[in-house]
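Peer 1: What follows is a predicted protein model with its sequence.
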Protein chains: 2
Amino acid sequence: MKPVVVPADPHGLFNSRPTFSHVASVLGGPSRVVMTAGQVGVDENGQAPADVKDQYTLAFANLARCLEATGATVADIVKLVYYVVDYDPNNRLHVKPLVTFLKGHRPATTLVPVPCLARPAFKFEVEAYIAIPQAPARDVDVVVVGAGLSGLKAAYDVQKAGYSVAVVEARDRVGGKTWSVEHSAGDGKFVDRGAAWINDTNQSEVHALAQALGLGLVVQNTTGNVVQQDRDGRVSQFLYGGVPAGIGASAVDDMVKIRDATEAACQLLDIRDPVRTGGHLDSQTLEEWIRSVGGGPTALASATVWTRAMLGLEPSEMSALFFLNYCKSGGGLLQMRSDRKDGGQYLRFERGTQSLSLGLASLLKPGTVVLSSPVRSITTTQADAAKITVAAARGDFVCRRVIVSVPTPLYKEIAFSPPLPATKAALASANRLGYINKVIVRYDTPWWRAHGLCGMLQSFVKDGPVSVTRDSSVDAKQQYSLTCFLAGSAGRAASRLPQAERFRVVVDQITATLGADKIGVPAPVGFEEHQWARDQWAQGCPCPAAPPGAMTQYEHALRSVHGKVHFVGTETAYEWKGYMDGALRSGIRGAQEVVSALSPPRL
Amino acid sequence: MKPVVVPADPHGLFNSRPTFSHVASVLGGPSRVVMTAGQVGVDENGQAPADVKDQYTLAFANLARCLEATGATVADIVKLVYYVVDYDPNNRLHVKPLVTFLKGHRPATTLVPVPCLARPAFKFEVEAYIAIPQAPARDVDVVVVGAGLSGLKAAYDVQKAGYSVAVVEARDRVGGKTWSVEHSAGDGKFVDRGAAWINDTNQSEVHALAQALGLGLVVQNTTGNVVQQDRDGRVSQFLYGGVPAGIGASAVDDMVKIRDATEAACQLLDIRDPVRTGGHLDSQTLEEWIRSVGGGPTALASATVWTRAMLGLEPSEMSALFFLNYCKSGGGLLQMRSDRKDGGQYLRFERGTQSLSLGLASLLKPGTVVLSSPVRSITTTQADAAKITVAAARGDFVCRRVIVSVPTPLYKEIAFSPPLPATKAALASANRLGYINKVIVRYDTPWWRAHGLCGMLQSFVKDGPVSVTRDSSVDAKQQYSLTCFLAGSAGRAASRLPQAERFRVVVDQITATLGADKIGVPAPVGFEEHQWARDQWAQGCPCPAAPPGAMTQYEHALRSVHGKVHFVGTETAYEWKGYMDGALRSGIRGAQEVVSALSPPRL
């Protein structure tokens, strides 16, 4: 029997449905105790919103974060205690957010009216007592930490080689940063909150997987004009593949010059040894390098569009070498930025990119993937160096090899024993994850096409909020949408707005750019977004970037094996870093390392 | 070591005895987390009594219900938190009910004065954090759910056949509805809160068991007059075995006619196939049938005495077929109602009927019976259909067969997987448990005998509260008592009174009936009662009754086997349904089914 928190309705007590039970028990097996601090309705800086209703919503959102961080689900909650200031029995503000939060689960609860809380502004607090069911320890050959594309691919290859494997995932789903959502259940109108594009030539690994899984692909629309928004907000258009026409000749020169200089510089690098071939570029930021090669304001604005859309960061926030090597990993700046054949954004998936991950997971033996079970420690003892213990939220594993597939900045979430070598730890803490929020605006029609637009906006406005957009429609499913990149510092600023307000400014910018020239822009029929930087298990996206000096000091530690623990993930790929193809390639490498280590030597 | 909650008294802290400990630990083995919602002092409809002291008592009673429902005992409580409105440090109202509740256990506690609680009327709330010790999973041939007479008999017979068996019981005692209590410890003055009578002829199974266990028996006193209280309250007397003299000739005719009609109708039924032999009687209630055969007001009043005392229900609350078949199962109305040789109420037990259950339990191997461990699920998986998992509060069992001995309406407390077949589930939810509360009034002398009374009252007063009484004395032990049946709607009405008030109206009715003619009725020396309808694991007594139509639709599912799960209990007996003899017979049948299924076939 699966261990679960079970509500009981004692005979003779009043009916406590639907929001709580008089008594809740953990049945069916051992469990692990987890308790939260009282969660109040404050933002990440500890500020409480003035509207008390927002405090209630925020308190439950913060409680959800606590759960997620420890691998608990709402169903694992045994008890909730509410502390309410100004309690009004006729206007119980906690009930609505509570019902949403509980999703039908009924923990035991107590409500405690109080005169005040820890600070005068706080009006509501909720705390949880949790029991996470524990599966018996499992013994496998290999544990893969993380069920994103790199981890799933590694697991699949290990399984193919005949070894037993478990994939232990922190989230309640597979896919990592491949995450696709339907507009409404079963309508087939998928959009991608995360990774979206592949190509069918130089991204051979991901394309082969898509083919093997029989996944439907869609060619990225590049027919028509790009809308260009200049630094001062003025709008012009130019045919996709050309250069902006309405920003003035010297600005175009500035832009073209830095584009060509970047392309040339990156082509000089060896992706298998970037520090040897471009070490001098690691002493400065990309912004400093752009200025050093004569780039002006438009050059910098253009490069800002690149770094925001590609890494969620500003040119000042990464080493020039890192950026140039990143471009080179995709064949160069032009190819990586291209939406056409051979380019980084050529094809999309009818059912979203998560279908790659779901497909890979379906090829693993039943029970291989364990969800909602963050790995908290990876321990090799001196006493038995042949065995590694991987401690996870829902049960431990004992194995012979481990493949860690989480982004380097998240290594801090795992206690390694023996600890990671200093260089690897330093690399993990030096690398920085960017902010990209794809606000996807759904429409009933691809209205922009009727006006000769391909759906791409490129904005040089510093505060955006949108830096670029793409037509992310799937015509066969009548799924029409514009995917708007809120990224880098512009994205971070917009993240501080309430969601409705953020969506409003996105629509305003669409209207002012793609909707200029008095095009009637229809009302959206829906929005999607995911703030990856606020995501417990992403903490940013798509790929960590190195500041000046970090590659020179630590790049050699990126793929180094730590005892019997191996490391994969798209950032560790040579080709197509930050892309799904890179994730798969890193998974292949990790599996090869492990299989080779486990296999008896052949004479 | 048995896992237990252990208080500690840290050196240097103030003395926390007797009501709490500064710290409480769970020692000695794995435990299971249970938490209650804050329990306030309300009744089952959520109403708080006006007297705040009653709220305190009720809150602890409700907390006790929570514990009972999940198989926790007071000793399993790790921590209590009290929330007190209008807290007065000089008048700590919680202390007295707390000390009674804790029975010497000392959990860690916190007291929190609060400005108010969830509703303005609530003045006190208490919540518990509990750890229930978990035994390792046990592997046996057969698990019996419930340690009442039917379950214990089944277990004993299974053990005799050479199979290993565990009896898993929700309560903290064996016996189910056989429950006998002494006046004071060791004085031997037992009375029965539940089942009380047997005979030594046609109740051969229970009598044989009593003989085998060497239990002392007492013949029911029927010497002297019965007191008859008519519908208008007027009192008369008649010799036991005769008919009432003082209610008028036409009333006597009405009564005799329905008695004879009922006896005749029930004798036409085949207890092994009541639906075939009396299906037409299942379309109406007993009340409708009485009217249809010409029964008048006295007939109905008389039948109401029967159904109240026999099933705790009104004639309008059961199918005519059900009642007639129930009578037939005891040989007919007259025999079932008789207190003399061959009748249903001929013999009692010197040490109460629980001695039957205690005796049977003592014949089981040590460790067979597990108390305070409600079974919450019975699971047969497709993966291993040979093994059944029985999940219980204090540890799980894996077995080959299960015998469920709980009343059908309590099947809902167990999650069956696969689920019960629809007919069995419908039977369980259609059947209705009645209300009988035996208020036992203890005296120093059998004062009624001196006045020519046998101790039996039969009251036709609609609201009773007492419908019938019996002399339940055990002269050899100088235990003198009148057992007063508060049953059916009259009992339910009386159950809403505070206990002291209920005892007072019972004494008033005794005085007005048995004490009429200026007999000096002495003051009672004690009272006993148990409201079985409020009991978590009885939810009524003695036996569920079927409404019209239910037997026709579902009776065939009463004893049907569900996979490898078998069902016993007095209601499933052919003979003496609702009686201890029926319970034993059903246990014999269940054990035979299981032993036959487990035994290798003989050629």
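Peer 2: Looks like it came in fine. Quantities reported herein were computed from a predicted structural model and do not represent experimental measurements. Residues are numbered from 1 along each chain as shown, chains lettered A, B, ... in the order given.

Peer 1: hey, C-alpha coordinates of stretch A:294-306 in PDB?
Peer 2: Output of stretch A:294-306 as PDB, limited to C-alpha atoms (Å, rounded to 0.1, in the frame of the first residue of the first chain):
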ATOM      1  CA  GLY A 294      34.200  50.100 -31.300                       C
ATOM      2  CA  GLY A 295      30.600  49.200 -30.700                       C
ATOM      3  CA  GLY A 296      28.300  52.200 -30.100                       C
ATOM      4  CA  PRO A 297      24.900  52.600 -28.500                       C
ATOM      5  CA  THR A 298      23.000  50.600 -31.200                       C
ATOM      6  CA  ALA A 299      25.600  47.900 -31.200                       C
ATOM      7  CA  LEU A 300      25.100  47.600 -27.400                       C
ATOM      8  CA  ALA A 301      21.300  47.700 -27.800                       C
ATOM      9  CA  SER A 302      21.500  45.000 -30.400                       C
ATOM     10  CA  ALA A 303      23.800  42.800 -28.200                       C
ATOM     11  CA  THR A 304      21.500  43.400 -25.300                       C
ATOM     12  CA  VAL A 305      18.700  41.800 -27.400                       C
ATOM     13  CA  TRP A 306      21.000  38.800 -28.000                       C
END
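
Peer 1: Run through who's touching stretch A:588-600.
Peer 2: In this structure, residues lying in contact with stretch A:588-600 by Cβ atoms under 8 Å, 6 or more residues apart in numbering or on different chains are A:141-142, A:150, A:153-158, A:161, A:163, A:205, A:400-401, A:403, A:405, A:559, A:561, A:564, A:566-568, A:572-573. From N, CA and C alone the C-beta is placed, and that goes for glycine too.

Peer 1: I meant stretch A:237-255, not that one.
Peer 2: A:222-228, A:230, A:234-236, A:256, A:295-299, A:302, A:339-340, A:452-454, A:456, A:458, A:460.

Peer 1: give me that answer again for 6 Å
Peer 2: Outside of stretch A:237-255, the residues that reach it under the criterion Cβ atoms under 6 Å, 6 or more residues apart in numbering or on different chains are A:222, A:225-228, A:230, A:236, A:296, A:298-299, A:302, A:454.

Peer 1: Just the ones in strands from the residues you listed, please.
Peer 2: Among those, DSSP state E puts A:225-228, A:236, A:454 in strands.

Peer 1: roughly how far apart are residue A:133 and residue A:394?
Peer 2: 6 Å (Cβ to Cβ, to the nearest Å).

Peer 1: For the stretch 51-200 of chain A, which residues are neighbours of chain B?
Peer 2: Counting by Cβ under 6 Å from any Cβ of the partner chain, the residues of the stretch 51-200 of chain A close to chain B are A:78-79, A:89, A:108-113, A:115, A:129, A:131.

Peer 1: By neighbours, which of those residues wins?
Peer 2: Neighbours here are counted as other Cβ atoms under 10 Å in any protein chain shown. On that basis the top member of those is residue A:108, with 30 neighbours.

Peer 1: Hmm, residue A:24 and it touching each other?
Peer 2: Yes - here residue A:108 lies in contact with residue A:24, judged by Cβ atoms under 6 Å, at a distance of 4.4 Å.

Peer 1: Common neighbours of the two, please.
Peer 2: Both residue A:108 and residue A:24 are contacted by residue B:35, under the criterion Cβ under 6 Å, 6+ apart.

Peer 1: For the nearest residue to residue A:238 once chain neighbours are set aside, the count of nearby residues, please.
Peer 2: Using Cβ to Cβ, 6 or more residues apart in numbering or on different chains and skipping the chain neighbours, the partner closest in space to residue A:238 is residue A:245 (4.7 Å). Residue A:245 has 14 neighbours, counted by other Cβ under 10 Å.

Peer 1: mind pulling up the phi and psi values for residue A:340?
Peer 2: Note on residue A:340: its backbone torsions stand at phi -110, psi -180 [degrees, to the nearest 10].

Peer 1: ok so, going back, can you pick out the most distant pair from the residues of the stretch 51-200 of chain A next to chain B?
Peer 2: Every pair in those was compared (Cβ to Cβ); the two farthest apart turn out to be A:115 and A:131, at 31.6 Å.

Peer 1: still on that earlier bit, sort out which one of the contacts of stretch A:237-255 lies nearest residue B:121 for me.
Peer 2: Of all the contacts of stretch A:237-255, residue A:227 has the smallest distance to residue B:121: 64.7 Å, by Cβ to Cβ.
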